[in-house]
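Visitor: heads up, no residue letters with this:
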């Protein structure tokens, strides 16, 4: 690349990053106030008041200094207690937990700690868009494991094997409840994957950011709690979704001490420490009343019920998602592709949805719709879609 | 590595990280309450009240959501204004500024945006310890540019050339005012380095975290403001030092649009966005009263004067540093090495100093002492050192 007369040396790792159709769509939406966005990947709620109150108090008390690389001891202890009680994962807070700048940094550090350049990682496809970017960022090859609608977007062991054909790998990213499909893997399915991981010496990076968002009696099971998995799983959690705290940038990972310690050492080269006030607010989030979490999840559940019913009524075939806050319907028959369909919805109905291809090549034929927006807006959006699609 | 019966695959990048003697010393210090630490790399002050007040207000107003990858527009505009006024750097806030999780993340992203695995970067030696870790973290080879006490720890162009002999590189990290030496590069020296960069198509990553900490009439000059350097410099700044905000985790970089845009895209794979409250507090930091900054710098100056005089009086030869908040004295004649000397000081005088080798192999024969601790403690520390060294 030559610009301004000097040869610029942008790294190849950057040039490998997937280009985003979604960014273009967002740009259009920004300029049109009357567009209803079903795009958001974050809660529309603000952080519960009890957490805000603690953050403010700690600011007044002068907690504005660095913390240790891996996080404050009290924060890690609160996390260990939660992991034991809610995830049935038993770890030593001293060397098996790291507090990170969002679940995002935990993913970045875990991939870096396990993989060298040129190696590969299995990622779900369709799956959370940054997985691919994260791998490319550290020049690791992402290998798509296809998830199919006819399997309920669950993992099929044969598909995992097929994904490893071009290149073997020892690392696999798992995401349940899933963004974008809303699938919650059953304990039986997780046991099947666990067996495969043990047999093939695979370390699973389990992204459980949506652990609390399960509906219709579905239960979230942490694969790290399953028999024999203690040494095979890095479990990653977030405060962003559960406690509506994305702006605080805090998440955490737990797992085998050697991996967590490697991640902690690598953090010296990424962000040094996680925001101090966020770490203190996190203690209140975990230890304080969970009433607002229940309330938020109930409200998401109400929207989900409505949206799913309406979508299927207007010809957008959609599995009933048991988790997260997304629907992943098929685009109607006769429509060209996800990207063109999304653009045409934006144009004709002023409703923003995300093309399925943003989540990998196997997302073609689908779009993602978030219900992390108000019930009223969802009602309006469905009315607009109905007019255009009928 | 085989543990718990499975073959663990910790990445080589992690195994290349330098091991830290400092971490061992810190451990000992933690267990001894009567130790005076001259170790800290962060202000002993807490964040000024006007900044805390804004952070609290913004928390109440519900600013708890994500921001765009590269930062909020208002934050970037405030930064652009400051850069123009104080650094004489003129950039477009839209595509030439990125707000990051501390200056640390700006360094991480700039190295990633410019270098692919197996390439190399020039780093100052002695220099800020994480530079080396940052390079190793992304499997880039760090090439030490030796800085010598007899040159006032300034950069010597011949040393830069020598450092590039084993491997050519197009990236060089510059740090003025310098941690650990306290050197402030003169405009003349910066112009010399600028010419070299232009002639050799080198991009300079200029870490200016200590820009406000200059004494004895020294002036901080941003190399990015020099003639012809617009396309050759990524300038990196921090709120952690200037505004005593390390726990907020916020810094920023500016530079050529192609590099800043690459960094912004890479942030999708690292931390997604910088803490929202920190970005809003940063606007107040830049736009509000600078009285507390002046007060803090004056107090550092007072400690600096005292410490420097005392050190030279007790046989620890030390250049009078013109910037940052560190002294980098030579260890007394007859002492074995930096590490053993530091351990012996800790043991005999209960004063914690950092071995020079923590800053690279050319730090051997020196120790770093921070004056980011109270005047009273510095007085006591010097008394203790005097007893042991006389």
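Guide: Noted; the coordinates are in hand. Bear in mind that the values here come from a model prediction, so they are computed numbers and not experimental data. Numbering: from 1, shown residues only, chains lettered A, B, ... in the order given.

Visitor: Any residue of the longest helix belonging to chain A touching chain B?
Guide: In chain A, with assignment by DSSP state H, the single longest helix is helix A:291-313. No - judged by C-beta under 8 Å from any C-beta of the partner chain, helix A:291-313 and chain B are separated, with a smallest distance of 12.7 Å. The C-beta positions use only the backbone N, C-alpha and C, and glycine is treated the same way.

Visitor: other SSEs contacting that helix?
Guide: strand A:326-327, helix A:375-389 (3 or more C-beta pairs under 8 Å, 6 or more residues apart in numbering or on different chains; DSSP states H and E).

Visitor: I'd like the ones you listed laid out as a markdown table, including distance to chain B and mean neighbour count.
Guide: Formatted as a markdown table, the helices and strands packed on helix A:291-313 follow (distance: least, C-beta to the nearest C-beta, whole Å; neighbours: other C-beta atoms under 10 Å in any protein chain shown):
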| stretch | distance to chain B | mean neighbour count |
| --- | --- | --- |
| strand A:326-327 | 16 | 27 |
| helix A:375-389 | 16 | 16 |
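
Visitor: need these in CSV with mean pLDDT, can you?
Guide: As requested, these are arranged in CSV below (pLDDT from 0 to 100):
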stretch, mean pLDDT
strand A:326-327, 97
helix A:375-389, 96
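
Visitor: Tell me which of these lies nearest to residue B:272.
Guide: Smallest distance to residue B:272 across these (C-beta to C-beta): 17.5 Å, for strand A:326-327.

Visitor: And the closest one, what does it pack against?
Guide: Here strand A:326-327 touches helix A:291-313, strand A:367-370, going by 3+ C-beta pairs under 8 Å, 6+ apart.

Visitor: how about the nearest residue to residue A:11, chain neighbours excluded?
Guide: residue B:116 (4.8 Å; C-beta to C-beta, 6 or more residues apart in numbering or on different chains).

Visitor: right, I mislabeled it, should have said residue A:16
Guide: Residue A:16 sits nearest to residue A:136 (C-beta to C-beta, 6+ apart), 4.3 Å away.

Visitor: For the one you found, which residues are in contact?
Guide: A:13, A:16, A:17, A:18, A:142, B:269 (C-beta atoms under 8 Å, 6 or more residues apart in numbering or on different chains).

Visitor: contacting residues for the nearest residue to the last one once chain neighbours are set aside?
Guide: So that's residue B:269. With sequence-adjacent residues excluded and distances taken as C-beta to C-beta, 6+ apart, residue B:269 is closest to residue A:137, at 3.5 Å. Shown in contact with residue A:137 (C-beta under 8 Å, 6+ apart): A:13, A:17, A:108, B:112, B:266, B:268, B:269, B:270.

Visitor: Out of these, which comes closest to residue A:98?
Guide: Closest to residue A:98, out of all of the contacts of residue A:137 and judged by C-beta to C-beta, is residue A:108, at 11.6 Å.

Visitor: Could you check how far the closest one is from chain B?
Guide: The gap separating residue A:108 from chain B is 5 Å, by C-beta to the nearest C-beta, to the nearest Å.

Visitor: same question, residue A:151
Guide: Counting by C-beta to the nearest C-beta, the gap from residue A:151 to chain B is 28 Å.

Visitor: so residue A:226 touches residue A:193, yeah?
Guide: No - assessed by C-beta atoms under 8 Å, residue A:226 is found out of contact with residue A:193, at 9.1 Å.

Visitor: neighbours of the residue nearest to residue A:138 when sequence neighbours are not counted, just the number please.
Guide: Leaving aside its chain neighbours, residue A:138 sits nearest to residue A:112 (5.6 Å; criterion: C-beta to C-beta, 6+ apart). As a burial measure, residue A:112 scores 26 neighbours (other C-beta atoms under 10 Å in any protein chain shown).

Visitor: What strand or helix carries residue A:112?
Guide: helix A:102-114 (DSSP states H and E).

Visitor: how distant is that helix from the center of its chain?
Guide: Centre-to-centre, helix A:102-114 and its host chain are 13 Å apart (C-alpha atoms, centre = their mean, to the nearest Å).

Visitor: before we move on, what about stretch A:349-365?
Guide: On C-alpha atoms, centre = their mean, the centre of stretch A:349-365 falls 16 Å from that of its chain.

Visitor: tell me which residues in that stretch are buried?
Guide: A:349-360, A:362-363, A:365 (16 or more other C-beta atoms under 10 Å in any protein chain shown).

Visitor: Just the ones of these in strands?
Guide: A:351, A:352, A:354, A:355 (DSSP state E).

Visitor: Of the residues you listed, just say which sits nearest to chain B.
Guide: Proximity of those to chain B (C-beta to the nearest C-beta) peaks at residue A:354, which lies at 14.8 Å.

Visitor: Can you report how many residues lie near the closest residue to the closest one other than its chain neighbours?
Guide: Nearest non-adjacent residue to residue A:354, counting by C-beta to C-beta, 6+ apart: residue A:368, 4.3 Å away. A count of nearby residues for residue A:368, using other C-beta under 10 Å, gives 27.

Visitor: Distance check, residue A:368 against residue B:214.
Guide: For residue A:368, the distance to residue B:214 equals 52 Å [C-beta to C-beta, to the nearest Å].

Visitor: Wait, residue A:204 touches residue A:230, no?
Guide: No - Residue A:204 is beyond contact range of residue A:230, at 11.8 Å (criterion: C-beta under 8 Å).

Visitor: So for the two, which residue has more residues nearby?
Guide: Taking other C-beta under 10 Å, residue A:204 and residue A:230 do not tie; residue A:204 has more neighbours (23 against 16).

Visitor: what secondary structure does the more buried one sit in?
Guide: Here residue A:204 is recorded as strand under DSSP: H, G, I helix; E, B strand; the rest coil.

Visitor: Skipping its backbone neighbours, what lies nearest it in space?
Guide: Nearest to residue A:204 is residue A:233, by C-beta to C-beta, 6+ apart, at 4.9 Å.
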